[in-house]
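Participant: dropping a prediction and its sequence here:
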Amino acid sequence: MNILVVGANGAIGQAVVEAFCEQYSSSVVYAVSRSHYTGAKRKQVVPVQLDTVNETAITNWLSACKAKGTAFTHAVIATGVLHDDNVTPEKRLEDVSAEAMQHYFQVNTIGPSLWVKLLVGHLAQGGSTVSVLSARVGSISDNRLGGWYGYRASKAALNMFVKTASVEYARRAKHTSLICYHPGTVDSSLSKPFQRNVKPEKLFTPAYTAAQLLAVIDQANTSESPYFIDWAGKSIPW
Ligand SMILES: NC(=O)c1ccc[n+]([C@@H]2O[C@H](COP(=O)([O-])OP(=O)(O)OC[C@H]3O[C@@H](n4cnc5c(N)ncnc54)[C@H](OP(=O)(O)O)[C@@H]3O)[C@@H](O)[C@H]2O)c1
């Protein structure tokens, strides 16, 4: 079995690589990241360094995989940004800028959407899944607090892309379930500045949310795809 994890140097991405290795010990796990893979060295992990938001780079790598007969049973796209040198979550309309919006959409929407686009011809027959790391704050119907304009909008757009792709996947990759996964609040550099008001029991380890994602993947059924679902296996309104 071949498994793909994109964003493999992130806290959740790395934990997902580990969880797959534990659960499917005879699988090959491709750990794709923009930088050199820093996770534990394991025989079954194949580190791949490429620009994960660049369509040409993704296409070339997937073509090389296909040439070797590699099709993926599970793919998890674990990339995303909430704050970095370019962006800080906006508190009010005046904080919104075109540059920040572009950055949020580039990383949170366009990158993962390209993987959903390009993977359609690279999935194993007879039951496969493609999961993207989304966020509950991307729910349009469950948005009472406001704020975080760029992050919310880019995750909502990612959800819409996946929902739209699911119509075509039902024809072209009919054994594949698509999953938009909310991991809960997870202790990582992404959530670090926003952990103050989170109760300790609600701040999950990357390993915990990775295990919960694998449980969701295990239960996934094409008749219910696409999913917008949280770490507890509960559906989230789109
Ligand atoms: N942590 C939370 O509480 C939480 C809550 C809800 C949703 N999420 C979502 O879960 C996902 C993973 O988050 P995390 O907590 O593991 O955060 P993290 O440790 O900061 O990892 C972020 C990941 O995004 C990639 N990334 C960051 N900036 C990028 C850029 N400019 N271009 C391309 N890729 C970039 C990195 O990929 P490389 O491997 O290439 O470095 C890394 O894998 C994100 O989509 C996030 O929105 C997290």
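Facilitator: Arrived safely.
Participant: A15 touches T209, doesn't it?
Facilitator: Yes: contact criterion CB atoms under 8 Å: A15 and T209 qualify, at 7.2 Å. (Glycine included, C-beta is placed from N, CA and C.)
Participant: mean confidence for the longest helix along the chain?
Facilitator: Looking across the chain with DSSP state H, the single longest helix is helix 149-172. Summarised as a single mean, pLDDT over helix 149-172 is 98.
Participant: quick one: it near the ligand?
Facilitator: No: Helix 149-172 lies apart from the ligand when judged by CB under 6 Å from any ligand atom; the minimum separation is 6.9 Å.
Participant: which parts of this protein are helices?
Facilitator: Taking DSSP H, the helices of the chain run over residues 11-23, 55-67, 98-104, 111-119, 149-172, 206-219.
Participant: make a markdown table out of these and add mean neighbour count.
Facilitator: A markdown table is the format used below for these (neighbours: other CB atoms under 10 Å):
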| stretch | mean neighbour count |
| --- | --- |
| helix 11-23 | 24 |
| helix 55-67 | 14 |
| helix 98-104 | 16 |
| helix 111-119 | 21 |
| helix 149-172 | 19 |
| helix 206-219 | 20 |
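Participant: contacts for stretch 140-159 next, please.
Facilitator: Outside stretch 140-159, the residues within contact range by CB atoms under 8 Å, 6 or more residues apart in numbering are 80, 82, 87, 89-93, 95-96, 100-101, 103-105, 107-109, 112-113, 132, 134-139, 180, 228, 236-238.
Participant: again, only using 6 Å
Facilitator: With contacts defined as CB atoms under 6 Å, 6 or more residues apart in numbering, stretch 140-159 is touched by 82, 89-91, 96, 100-101, 104-105, 108-109, 112, 134-135, 137-138, 180, 228, 237.
Participant: filter those down to the ones close to the ligand.
Facilitator: Among these, proximity to the ligand is found for A135 (CB under 6 Å from any ligand atom).
Participant: of the contacts of stretch 140-159, buried ones?
Facilitator: Buried by 16 or more other CB atoms under 10 Å: 82, 89-90, 100-101, 104-105, 108-109, 112, 134-135, 137-138, 180, 228, out of these.
Participant: which member of those residues is positioned nearest the ligand?
Facilitator: For those, the closest approach to the ligand (CB to the nearest ligand atom) belongs to A135, at 3.8 Å.
Participant: tell me how far the closest one lies from A232.
Facilitator: 15 Å (CB to CB, to the nearest Å).
Participant: same check, this time on S25
Facilitator: 27 Å.
Participant: what number of residues lie near L203?
Facilitator: Residues lying near L203 (other CB atoms under 10 Å) number 14.
Participant: picking up where we left off before, what's the most distant pair in the buried ones among the contacts of stretch 140-159?
Facilitator: A100 and F228 (24.7 Å; CB to CB).
Participant: who's sitting farthest from the centroid in the protein?
Facilitator: Outermost residue of the chain with respect to the C-alpha centroid, by CA atoms, centre = their mean, is E94; its distance is 29.6 Å.
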